[in-house]
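can't give you the sequence, but here's the structure:
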């Protein structure tokens with residue numbers, strides 16, 4: 001009797017898993033048109049009042065790497081690139097966000113980026129937008145100490161947002 005019940009349970013489980021399907025996929029809501037073949041990322045300069053000397057280079061290189069790794073587009077440095085991406089760091093400052101016993105306990109690094117996107121094949125798709133990212137850090141750390149930890153995080157987040165603004169309708 002136990003064997004029959006076990007057999008029926010196994011058949012039921014097999015049937016459920018075999019005949020049911022669950023499909024999950026991420027579909028880009030704005031696929032890259034087939035005529036778009038190249039992109040150019042111009043140097044993303046730092047125009048903020050305070051200059052993090054590593055930020056511009058890291059933003060520029062990480063954005064190129066992300067586009068190369070996540071799309072079929074080919075990088076070019078020519079003026080006739082189908083997607084021309086430029087911009088600049090517009091804000092870079094710290095502020096106090098938490099105070100306890102008349103002392104600052106948490107500071108916030110704010111990084112603003114102005115993105116300029118041009119589609120040379122369809123100028124109606126051109127746009128400019130601002131991106132702002134915040135990262136908190138302990139007030140007992142200097143900005144220089146905090147930058148060692150926060151710069152890679154800020155770069156990743158800004159690059160991801162730039163990528164999403166260009167390659168999807170989010």
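Nice, thanks for sending it over. As the structure is a prediction and not an experimental result, all values here were calculated from the model.

please count neighbours and contacts with C-alpha atoms only from this point.
Noted.

by contact count, what packs against the longest helix that the chain contains?
For the chain, the helix with the greatest residue count under DSSP state H is helix 143-167. If you count contacts as 3 or more CA pairs under 8 Å, 6 or more residues apart in numbering; DSSP states H and E, helix 143-167 packs onto helix 55-70, strand 103-119, strand 127-138.

I'd like these as a markdown table, with mean pLDDT, distance to residue 34 and mean neighbour count appended.
A markdown table is the format used below for those (pLDDT from 0 to 100; distance: least, CA to CA, whole Å; neighbours: other CA atoms under 10 Å):
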| stretch | mean pLDDT | distance to residue 34 | mean neighbour count |
| --- | --- | --- | --- |
| helix 55-70 | 97 | 15 | 17 |
| strand 103-119 | 94 | 13 | 19 |
| strand 127-138 | 96 | 20 | 16 |
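
what's the distance between the closest residue to residue 58 other than its chain neighbours and residue 75?
Of all residues beyond its chain neighbours, the one nearest residue 58 is residue 155 (6.8 Å), with distances taken as CA to CA, 6 or more residues apart in numbering. Per CA to CA, to the nearest Å, residue 155 is found 20 Å from residue 75.

more neighbours, the two?
residue 155 (22 against 17; other CA atoms under 10 Å).

surely that one touches residue 56?
No: counting by CA atoms under 8 Å, residue 155 stays clear of residue 56, with 9.1 Å between them.

low-confidence ranges, this protein, go.
1-30, 169-170 (pLDDT under 70).

can you get me a residue count around residue 73?
Residues near residue 73, counting by other CA under 10 Å: 18.

what's it in contact with, if anything?
Counting by CA atoms under 8 Å, 6 or more residues apart in numbering, residue 73 makes contact with 36-39, 67.

who wins on neighbours among these?
residue 39 (25 neighbours).

for that one, which three-state class applies?
Per DSSP: H, G, I helix; E, B strand; the rest coil, the local secondary structure of residue 39 is strand.

ok, it to residue 137 distance?
Residue 39 is 36 Å from residue 137, by CA to CA.

repeat that for residue 62.
In terms of CA to CA, residue 62 sits 23 Å off from residue 137.

same check on residue 65?
28 Å.

same deal with residue 106?
From residue 106 to residue 137 the distance is 6 Å (CA to CA).

which residues sit against the helix or strand harbouring residue 95?
Element membership of residue 95, judged by DSSP states H and E, is strand 83-100. With CA under 8 Å, 6+ apart as the test, strand 83-100 has contacts from 36, 38-52, 56, 104-120, 139.

could you confirm residue 31 falls within a helix?
No: if the criterion is three-state DSSP, then residue 31 is coil and not within a helix.
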